[in-house]
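J.: I would like to see how this sequence folds:
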Amino acid sequence: MKLPTIGWLRGLFATESSYDDSPLRISIDSRNLRVGDTFWAIRGERDGHDFVDAAIEAGASCVVVEQGFPLCEKLEARVVRVDDTMTALTDAARTWRKELDALVIGITGSVGKTTTKDYVRAAFAETRRVEATHKNFNNEIGVPLTILSAPRDTEVLICEMGAARPGDIAHLCAVAKPQWGIVTAIADAHFESFGSRELVAQTKGELYRYVSHDGVAFVPVADELCIQASKVCETRIGFGFDQRPTYWESDYVQGEHLSFDEFAQASFFVQGERVLLTVPGRPAAQAALAAMSIASYHGVAVAAAASGVSRAVPTAGRVTLRRFGRITVIDDAYNASPTSMSSALETLSLRQAIRKVVVFGDMLELGEISDISHREVVNDLDRSGVSLAILIGPRFSAVAASSFTSARLLIYPSIDEALPNLVRVVRPDDLILVKASRGMALDRAVAKLEEQFS
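T.: Purely as a prediction, here's the structure:
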């Protein structure tokens, strides 16, 4: 195991390099910096240069800043100066990627990226030296950080790739150079940025186009848009829970005997080996089957892959089952889209409970389809049979009152107004689904329930 070193970094950018074999551990947030980290001052919504002093005080061994940034002379030995810190981060990642003799797997999609990444990592973990994207650091900053955190002896590197605009996935592929790729789903997410599902499909399909000639594409055959996007690929591996479709002529991995227990946790078989998940819902099963398909194609024994996937714990806020005293919370508070909202309600329907409560917050970045998407979710919720619905945010507030008829409904414009009342209406033995876009901060609702009922 050998990470890039601070000396290696200086050799890339400094006019005078010095021998320093300290491992290069990069931080872009002075609040989370550990002693010995390298602080990389990125200009974004907040300028990292404003926090260089705080990083040094916290114990940064090196700082990367742009030319002309003033620092006292005694600190110059700890400084790497570059023309542009974002470009330098990308260049460093490109250079280190050339040092890695690893299989790089790219993962993108409108929903399910992070859960799939977690399961793919787990499927390889027992038999391969594997590194993967931390949490959901999947953008033009996160992917370079993922690459630079991979030791030289990494065998499998899993890069989750997100997109805010057309061309983003192509750019991340040019940095990470994946040999294999999977698009988990193509749906109406980040519609505000893309404007049409066709443009979403084109952008997500950039991953398939990158691996089209010399790589391998893994394709969920239940998603027609993913199938269409993958047609450019010479080697395709399909996967699904039904029999191989008649229109699918490439290799196919089938998950057999899919079932759900009283906790909505899935069980299925791949080549005779049972996969038993700790995460509830059909989307988790789909992500797990994707991981089994990828690992088995790489030569991982199916039993080892199944063992790893069955023990996997999802990234916090991604369909996590949590118990606080006598209540049970399905914590899915990190992200939301029309497709994932519908899937979450299906997951809830699979669970048994005395009383089911839904806490939904607005779906953001939907642009012109926002109103109709929120109304459709409310209609689905109205038909779902829940006992209590709590809707938070101006978008749900605008459409819910006139659309919801079947159960008790509470509407709040913001999380601040909802929190004091949330703990008053929740009862012991309730099953509570919490889901919203990250910007709605419904993780605070989960924390409030934990505080009150644990």
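J.: Over to the residue nearest the centre of the chain. Which of the three states is it?
T.: Geometric centre of the chain, nearest residue: residue 114, 2.7 Å, by C-alpha atoms, centre = their mean. Classification of residue 114 by DSSP: H, G, I helix; E, B strand; the rest coil places it in helix.
J.: ok, now which ones touch it?
T.: Residues near residue 114 by C-beta atoms under 8 Å, 6 or more residues apart in numbering: 133, 135-136, 138, 160, 314-315, 318. The C-beta positions use only the backbone N, C-alpha and C, and glycine is treated the same way.
J.: Pull out the buried residues from the residues you listed.
T.: Buried by 16 or more other C-beta atoms under 10 Å: 133, 136, 138, 160, 314-315, 318, out of those.
J.: Dump these to JSON lines, plus secondary structure, distance to residue 329 and pLDDT.
T.: Rendered in JSON lines, the data for those read as follows (DSSP: H, G, I helix; E, B strand; the rest coil; distance: C-beta to C-beta, whole Å; pLDDT from 0 to 100):
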{"residue": "133", "secondary structure": "coil", "distance to residue 329": "25", "pLDDT": "95"}
{"residue": "136", "secondary structure": "coil", "distance to residue 329": "20", "pLDDT": "79"}
{"residue": "138", "secondary structure": "coil", "distance to residue 329": "25", "pLDDT": "94"}
{"residue": "160", "secondary structure": "strand", "distance to residue 329": "25", "pLDDT": "97"}
{"residue": "314", "secondary structure": "coil", "distance to residue 329": "14", "pLDDT": "77"}
{"residue": "315", "secondary structure": "coil", "distance to residue 329": "16", "pLDDT": "78"}
{"residue": "318", "secondary structure": "coil", "distance to residue 329": "13", "pLDDT": "73"}
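J.: how long is stretch 360-371 from one end to the other?
T.: Its start and end residues considered, stretch 360-371 measures 15 Å (C-alpha to C-alpha, to the nearest Å).
J.: wait, stretch 137-155
T.: End-to-end span of stretch 137-155 (C-alpha to C-alpha): 20 Å.
J.: how distant is the longest helix along the chain from the center of its chain?
T.: The helix of greatest length in the chain, counted in residues with DSSP state H as the criterion, is given as helix 282-298. The chain centre lies 15 Å from the centre of helix 282-298; the measure is C-alpha atoms, centre = their mean, to the nearest Å.
J.: immediately after that helix, which helix or strand?
T.: Proceeding C-terminally, helix 282-298 gives way to helix 302-311 as the next helix or strand, assigned by DSSP states H and E.
J.: Give the buried residues for that next one.
T.: Along helix 302-311, these residues count as buried under the neighbour rule (16+ other C-beta under 10 Å): 302, 304-310.
J.: I'd like to know which elements whatever helix or strand comes next after it is packed against.
T.: Heading C-terminal from helix 302-311, the first helix or strand you meet, by DSSP H and E, is strand 320-324. Packing partners of strand 320-324 (3 or more C-beta pairs under 8 Å, 6 or more residues apart in numbering; DSSP states H and E): strand 273-280, strand 327-332, helix 443-453.
J.: any idea how far residue 227 is from residue 25?
T.: Using C-beta to C-beta, to the nearest Å, residue 227 is found at 41 Å from residue 25.
J.: Near residue 152, how many other residues are there?
T.: Under the neighbour criterion other C-beta atoms under 10 Å, residue 152 is assigned a count of 13.
J.: my bad, should have said residue 256
T.: By the criterion of other C-beta under 10 Å, residue 256 has 13 neighbours.
J.: Helix or strand: which one has the nearest residue to it once chain neighbours are set aside?
T.: Nearest non-adjacent residue to residue 256, counting by C-beta to C-beta, 6 or more residues apart in numbering: residue 269, 4.7 Å away. For residue 269, the element it lies in under DSSP H and E is strand 265-270.
J.: CA atoms of that strand as PDB?
T.: This file holds the C-alpha atoms of strand 265-270, laid out as PDB (Å, rounded to 0.1, in the frame of the first residue of the first chain):
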ATOM      1  CA  GLN A 265     -35.700  -6.400   3.300                       C
ATOM      2  CA  ALA A 266     -35.000  -8.300   0.100                       C
ATOM      3  CA  SER A 267     -33.700 -11.800  -0.400                       C
ATOM      4  CA  PHE A 268     -32.700 -13.300  -3.800                       C
ATOM      5  CA  PHE A 269     -30.400 -15.800  -5.400                       C
ATOM      6  CA  VAL A 270     -27.600 -15.500  -8.000                       C
END
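J.: And the host helix or strand of residue 94, what's buried?
T.: When elements are assigned from DSSP H and E, residue 94 belongs to helix 85-99. Along helix 85-99, the positions that meet the burial threshold by neighbour count (16+ other C-beta under 10 Å) are 85-86, 88-93, 95-97.
J.: Kindly report the same for stretch 249-267.
T.: 252-255, 258, 260, 264-266.
J.: what does stretch 52-64 rub up against?
T.: Among residues not part of stretch 52-64, those counted as contacts by C-beta under 8 Å, 6+ apart are 6, 9, 13, 22, 27, 30, 33-41, 65, 69, 71, 75, 78-82, 85, 88-89.
J.: Narrow the residues you listed to just the buried residues.
T.: Among those, those that count as buried by neighbour count (16+ other C-beta under 10 Å) are 6, 9, 27, 30, 33, 37-41, 65, 71, 79-82, 85, 88-89.
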